[in-house]
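[1] Would you be able to build a 3D model of this:
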Amino acid sequence: MFCVRVERVTNHTESIATITFDREIPSYPGQFLMVNVFGYEEIPLSLSSPNSVTVKAVGETTGALVKFKGGELLGLRGPFGKPFTPSKKALIVAGGIGIAPLKFLHDFLIERGADVLVVFGARTSEELIWKDELSNVMLATDDGSEGFKGNVVELIKAKNIDLSRFERIYCCGPKPMLRGLFRLFKAEGVLDRAEFLLENYMRCGIGLCGSCVLENGLRVCVDGAVFRGNEIEL
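    Numbering: from 1, shown residues only. Below is the predicted model of the structure:
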């Protein structure tokens with residue numbers, strides 16, 4: 001484990017914040033850190049940039065993180081996991097806080113001249129963080145407060161997006177969203193082009209504890225957390 005100091009906290013909403021470290025972590029989009037919030041737990045968090053994680057308060061530890069003001073110390077292990085595969089023609093599909101690792105990927109691909117389309121959905125417009133920083137983005141909200149009213153699967157179908165024109169399709173978000181995308185990609189014959197970042201619960205991050213083992217025996221922490229569509233069943 002090594003320590004970093006929190007340089008800045010960006011509060012996107014009352015419950016979502018980006019925690020920026022005082023140094024960059026050598027890493028690639030899709031990798032994650034085991035973050036020790038001293039006095040609380042150690043939790044896995046995907047990198048949202050080389051020097052940040054973005055978190056939604058869903059428990060005691062994440063609730064403490066989003067209340068940070070800057071200057072705090074964090075213990076880190078990692079980065080761990082397989083990253084996304086780079087491509088030149090990409091579709092990024094994000095749901096809710098699943099945008100965090102995909103924002104890292106978006107910036108990585110854009111910097112390298114890739115053609116990127118983003119489909120981003122959330123419950124409300126407030127949770128569409130970074131919407132103004134994403135190039136070529138289509139938005140959806142469950143309540144219709146911004147963009148298409150519905151989820152990202154419904155938006156892809158409504159807009160008749162030609163999935164076959166993308167070299168890679170990258171996905172991260174709630175499990176029901178991922179299942180819907182999995183079924184859609186399978187029906188459209190593009191499952192082998194899709195990469196899913198799974199955010200299963202992990203304790204060790206290094207493949208020893210067995211807490212993140214999938215039904216097919218793959219471990220999310222070391223065999224993922226990014227999986228090709230034809231490696232898993234959702």
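
[2] how far away is residue 92 from residue 107?
    Between residue 92 and residue 107 the distance is 11 Å, computed by C-beta to C-beta, to the nearest Å. C-beta coordinates here come from the backbone N, C-alpha and C atoms, glycine included.

[3] nope, residue 185 is what I meant
    In this structure, residue 185 and residue 107 are separated by 24 Å, where distance is defined by C-beta to C-beta.

[4] The residue lying closest to residue 27 once chain neighbours are set aside sits in which helix or strand?
    Using C-beta to C-beta, 6 or more residues apart in numbering and skipping the chain neighbours, the partner closest in space to residue 27 is residue 79 (4.3 Å). Assigned by DSSP states H and E, residue 79 belongs to strand 73-80.

[5] ok so residue 14 is a strand residue?
    No - counting by DSSP: H, G, I helix; E, B strand; the rest coil, residue 14 is located in no strand; its state is coil.

[6] Tell me who's in contact with it.
    By C-beta atoms under 8 Å, 6 or more residues apart in numbering, the contact list for residue 14 is empty.

[7] Repeat the analysis, applying 10 Å as the threshold.
    Residues in contact with residue 14, defined by C-beta atoms under 10 Å, 6 or more residues apart in numbering, are 57, 66, 126.

[8] Generate a PyMOL selection restricted to the buried subset of the residues you listed.
    Listed next is the PyMOL selection for buried residues among the contacts of residue 14, using 16 or more other C-beta atoms under 10 Å:
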select buried, resi 57+66
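
[9] Quick check: of the contacts of residue 14, which lies closest to residue 75?
    Using C-beta to C-beta, residue 66 comes nearest to residue 75 of these, at 17.9 Å.

[10] Just list what the worst-scoring helix or strand of the chain on mean pLDDT packs against, helices and strands only.
    Ranking every helix and strand in the chain by mean pLDDT, DSSP states H and E puts helix 220-223 at the bottom, with a mean of 86. On a contact count with 3 or more C-beta pairs under 10 Å, 6 or more residues apart in numbering; DSSP states H and E, helix 220-223 meets strand 32-36, strand 73-80.

[11] one more time with 7 Å
    The helices and strands touching helix 220-223, judged by 3 or more C-beta pairs under 7 Å, 6 or more residues apart in numbering; DSSP states H and E, number zero.

[12] starting at the chain centroid, how far to it?
    For helix 220-223, the distance between its averaged C-alpha position and the chain's averaged C-alpha position is 15 Å (C-alpha atoms, centre = their mean, to the nearest Å).
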